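*Asks:* Here's my sequence, what's the structure:
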Amino acid sequence: APFGTLESEDIYTFCGAVNSLIKTLKHNFPNAKLIFMTPIHRVRENQSSMPDSKKLEDYVNAILMICQNNNVPVIDLFKINPYKTKK
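*Replies:* From the prediction side, this is the model:
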C-alpha cells in the first residue's frame, strides 16, 4: 500500500489504515485499553521494497505520531537496537 499522510483516513494507505483502525477500535470498543507496538529491527531494514522508498523507521515514526495524535500509548520496540555497538 502507498504510505499516505499522517492525517489520512484512506484505508488503502498505511497511515490511513492505522488511523482508521484506531478510530474503528475506539468506536466499537470504547472501554477497551488500546496499545500499539512498533516493529522490531530486522535485517536489511533500510532497504525498501516499496515504490515510494520508505524505510522501516519511516513506518515506526508514522505509528508513533499517529498514536500520539490519537492518544494511544505505544510500546516502542524499535528503539531497542540489538545492532548498536555497546561501549
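*Asks:* Once you drop chain neighbours, what's closest to the most centrally placed residue in the chain?
*Replies:* Residue closest to the average C-alpha location in the chain (Cα atoms, centre = their mean): residue 63, at 2.6 Å. Leaving aside its chain neighbours, residue 63 sits nearest to residue 38 (5.5 Å; criterion: Cβ to Cβ, 6 or more residues apart in numbering). The C-beta positions use only the backbone N, C-alpha and C, and glycine is treated the same way.
*Asks:* one step back: surely the residue nearest to the centre of the chain is in a helix?
*Replies:* Yes - remark: residue 63 belongs to a helix, assigned using DSSP: H, G, I helix; E, B strand; the rest coil.
*Asks:* The residue nearest to residue 63 is in contact with residue 78, isn't it?
*Replies:* Yes - shown here, residue 38 and residue 78 form a contact pair, counting by Cβ atoms under 8 Å, at 4.2 Å.
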